[in-house]
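Student: sequence first, predicted coordinates after that:
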Amino acid sequence: MEYIKNRFYEKTNKCISEYQKLRKEHGDKVLTEITFGQVLTGMKGIPALITDTSKLDANEGIRFRGFSIPEIRKRLPRLNPEGEPLPEGLFYLMLIGEIPEEEDVINLSKDWATRAHVPQHVFDVIDALPKTSKPMTQFSAAIVSMATESVFQKAYRSGIHKKYYWDFMYDDVMNLIARLPRIAAYIYRRCYFKDKHIEPDPRLDWAGNLAHMMGHDSDEVKRLMRLYMVIHADHEGGNVSAHTTHLVGSALSNPYYALGAGMLGLAGPLHGYANQDVINWIFEMLEDLNTEEPTKEQIEGYVQRTLHSGRVVPGYGHAVLRVTDPRFTAQKEFADKYIKNDKLVNIVNTLYEVVPPILGSVGKISNPWPNVDAYSGSLLYHYGIKEHAFYTVLFGVSRAMGVLASLIMDRLYGLPIERPSSYPLDWFKEQAENL
Ligand code: CMX
C-alpha cells in the first residue's frame, strides 16, 4: 500500500521548499495587525497556524481541501449509491488534496484493516481502569499506552535525519487511525455490555467495522457511522483538539502522545463533550418538565432558565461560525430522510426554532446558531446507541483523521517547535495605557 504514501509525497514535497522560501524571504514582514480583543478572548482569528487539510469559513462552514460538506457528500466514493461516503475517502482528500477514485478508497480501507491489530497491553491498560472512569479517560489512556508501537519515536532515537521524520510519522498515523475503532468499541462493550467483545470483521470498511464491533450491525447504523465519521473529521487547525495535537507534536512527541493530549482537549464541555451535554441537558429538561413531549413554550422557558442559572445552552454557539453549522444541516437532512416521528429528534428540531432567537436577544453571544453537537446525540440515540458518556469517543475517532493527517504534514514541512510569548496582566495594562 506504499502507493498512497508515494502519492502523498509526490503531491506535497514541493511544499517543503515553499515553506522554507516563505520563512527566508518574508520572515521579517508584517503579516497582519492583531487587537487586544483577539488576544484577550482566546487568540480568536489570529492567523498563527499552517493547516492544509481544511479551512473554516465563518459564513459557509468547513471546507475540506476546498470542498464543502454537501460537495463531499456528493463526490466522495461510497459503497452504494444511496449510502454516505466512506471516511477513508475524506482522509485521502485531506492528506493528498485530491478527490480519490473508488479504488484508492478500497485500497486505503484494506490498508487500515491490515494495520488494525491492537497490542494486548493496550486492552490491559483499559481493563486496569475502573469501569466508572469516563470513556474519554479510557480512550486517551489507551492511545498513549500504544506509544510502545511508535516507529517515529524509535527512528528519532536511532538518529535518523529530520528530512525522513514524515515517513515514520506516516506509518505511525496509519497504524493509529486503523486501530482506533477497535479501541473505541472495546471501551464501549466493556462499559455497557459486560465485556462481551466483538471481533473485527476485516471485510468491512473502517466506520462499518466500528458499528459492527460496537454490536450495532444494521446497515442503517453503518450508514450513520459513515456520515458521523466524515463530518467530525476536521475543523481547521485552531480548535482545541487540533491545536493541542499539533502543539504537542511540535515538540517531536510521537503521534500517540500528541493525539492522546488532543483527545483530552476534546473531552472538555466547550468542545467535544458538548455532544453528551446536549443529550444530558435535554433529559434534564424532560425530567424537570415531567413530560416526554414538551411544547415549544415549555422549551423556551427551560432555555431561559438555563441562561439565567449562568450555564451555556449546549450545542449552540461557535468561536468561528456565524451561521448554522453545515454539519448540523447534514445531520438534519439525514434525520428528515430516514427518521420519522422520533421524540428526541423532534425536540432537537424544536430547539432549532427556539434557541437562536433567545441567544440572539442576549446581546453578547457572537453566534446563536447550532453547531455539530446539537444534532449528533439524537441520531445515535435513535439507532440504539444510547450511552451518552460514550459519544465524545466517537467524535474522537473521527477527529483523529484530520489532526493526524496534519501531523504528517507538520513533519514533512519541518515545522519548528511552537513557542508563543506570554506576559503578565500588568504588561498588557501598560501597553493599553501607552496606546
Ligand atoms: N449559551 C450561553 N451562553 C453562550 C453560548 C451558549 N450556547 N455561546 C456563547 N455564550 C456566551 C459565552 O459563554 C460568553 O459569555 P461571557 O462573556 O460571560 O464569558 C459570551 O457568550 C461570548 O462568547 P462567544 O464569543 O459567543 O463564544 P466563544 O467563542 O467564547 O465560545 C463556544 C464558543 C462554542 C465555546 C460557546 O458558544 C459555547 O460555550 N457553546 C456551548 C457549548 C458547545 O456547544 N460547544 C461545542 C462547540 C463545537 C465543538 O467544538 O464541538
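Tutor: It's in. Residues are numbered from 1 along each chain as shown.
Student: near the ligand, which residues of the stretch 301-435 of the chain? Just list them.
Tutor: 307, 312-319, 359, 364-367, 371-373 (CB under 6 Å from any ligand atom). Quick note: C-beta positions are derived from backbone N, CA and C, even for glycine.
Student: among those residues, the buried ones, what's the PyMOL command?
Tutor: Of these, the buried ones go into a single PyMOL selection, burial set by 16 or more other CB atoms under 10 Å:
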select buried, resi 307+312+313+314+315+316+317+318+319+359+365+367+371+372+373
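Student: leaving out the residues flanking it, which one is nearest to the residue of the stretch 251-400 of the chain found nearest the ligand?
Tutor: Here the stretch 251-400 of the chain gets closest to the ligand at one residue, Gly317, 2.1 Å apart by CB to the nearest ligand atom. Using CB to CB, 6 or more residues apart in numbering and skipping the chain neighbours, the partner closest in space to Gly317 is Asn367 (5.2 Å).
Student: packing partners for the helix or strand encompassing Ala142?
Tutor: Using DSSP states H and E, Ala142 falls within helix 135-145. Contacts defined by 3 or more CB pairs under 8 Å, 6 or more residues apart in numbering; DSSP states H and E place helix 135-145 against helix 120-128, helix 165-192, helix 255-266, helix 391-413.
Student: contact partners of the shortest one?
Tutor: Outside of helix 120-128, the residues within contact range by CB atoms under 8 Å, 6 or more residues apart in numbering are Gln138, Ala141, Ala142, Ser145, Met146, Thr148, Ile183, Tyr186, Ile187, Arg190.
Student: and the furthest pair within those?
Tutor: Thr148 and Arg190 (20.7 Å; CB to CB).
Student: looking at these two, which is more packed in?
Tutor: Arg190 (19 against 12; other CB atoms under 10 Å).
Student: for that one, give its distance to Glu387.
Tutor: Arg190 sits 11 Å away from Glu387, taking CB to CB, to the nearest Å as the criterion.
Student: Lys163: neighbour count?
Tutor: Counted with other CB under 10 Å, Lys163 comes out at 11.
Student: nope, Ile62 is what I was after
Tutor: Ile62: 24 surrounding residues under other CB under 10 Å.
Student: so which strand or helix has it?
Tutor: Following DSSP H and E, the helix or strand that holds Ile62 is strand 61-64.
Student: each with direction, which strands does the helix or strand following that strand pair with?
Tutor: Using DSSP H and E, the next helix or strand after strand 61-64 towards the C-terminus is strand 67-68. The pairing partners recorded for strand 67-68 under DSSP bridges are strand 61-64 (antiparallel).
Student: in the partner strand, what's buried?
Tutor: Buried, per 16+ other CB under 10 Å, within strand 61-64: Gly61, Ile62, Arg63, Phe64.
Student: so how far is the ligand from the residue of the chain positioned farthest from its centre?
Tutor: Using CA atoms, centre = their mean, the residue of the chain lying farthest from its centre is Asn434. It sits 41.7 Å away. Using CB to the nearest ligand atom, to the nearest Å, Asn434 is found at 26 Å from the ligand.
Student: how much space between that residue and Thr32?
Tutor: In this view, Asn434 and Thr32 are 21 Å apart by CB to CB.
Student: please apply the same query to Pro357.
Tutor: To Thr32, Pro357 is 34 Å away according to CB to CB.
Student: next one: Met43
Tutor: For Met43, the distance to Thr32 - CB to CB - is 13 Å.
Student: the two: which is more packed in?
Tutor: Met43 (13 against 9).
Student: residues contacting that one?
Tutor: Gly238.
Student: can you tell me the element it falls in?
Tutor: Under the assignment here (DSSP H and E), Met43 is part of no helix and no strand.
Student: and Val348, by the same measure?
Tutor: helix 343-362.
Student: in the chain, where is pLDDT below threshold?
Tutor: 1 (pLDDT under 70).
Student: at 90 instead, please
Tutor: Confidence mapping of the chain against pLDDT under 90 gives the ranges 1-2, 81-82, 340, 435.
Student: and the residue of the stretch 51-200 of the chain closest to the ligand?
Tutor: Counting by CB to the nearest ligand atom, the stretch 51-200 of the chain gets nearest to the ligand through Leu56 (11.1 Å).
Student: circling back: what would the helices and strands packed on helix 135-145 look like in TSV with distance to Glu293?
Tutor: As requested, the helices and strands packed on helix 135-145 are exported to TSV (distance: least, CB to CB, whole Å):
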stretch	distance to Glu293
helix 120-128	39
helix 165-192	27
helix 255-266	33
helix 391-413	23
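Student: nearest to Lys296, out of those?
Tutor: Comparing the helices and strands packed on helix 135-145 under CB to CB, the one sitting nearest is helix 391-413, at 26.0 Å.
Student: report the backbone C-alpha coordinates of the helix or strand that the closest one is followed by in PDB.
Tutor: From helix 391-413 onward toward the C-terminus, using DSSP H and E, the following helix or strand is helix 425-433. Extracted in PDB, the C-alpha atoms of helix 425-433 (Å, rounded to 0.1, in the frame of the first residue of the first chain):
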ATOM      1  CA  LEU A 425      -1.500  41.100  33.000                       C
ATOM      2  CA  ASP A 426       0.300  44.300  34.100                       C
ATOM      3  CA  TRP A 427       2.200  44.300  30.800                       C
ATOM      4  CA  PHE A 428      -1.000  44.300  28.800                       C
ATOM      5  CA  LYS A 429      -2.300  47.100  31.000                       C
ATOM      6  CA  GLU A 430       0.800  49.200  30.300                       C
ATOM      7  CA  GLN A 431       0.600  48.500  26.600                       C
ATOM      8  CA  ALA A 432      -3.100  49.600  26.600                       C
ATOM      9  CA  GLU A 433      -2.200  52.800  28.600                       C
END
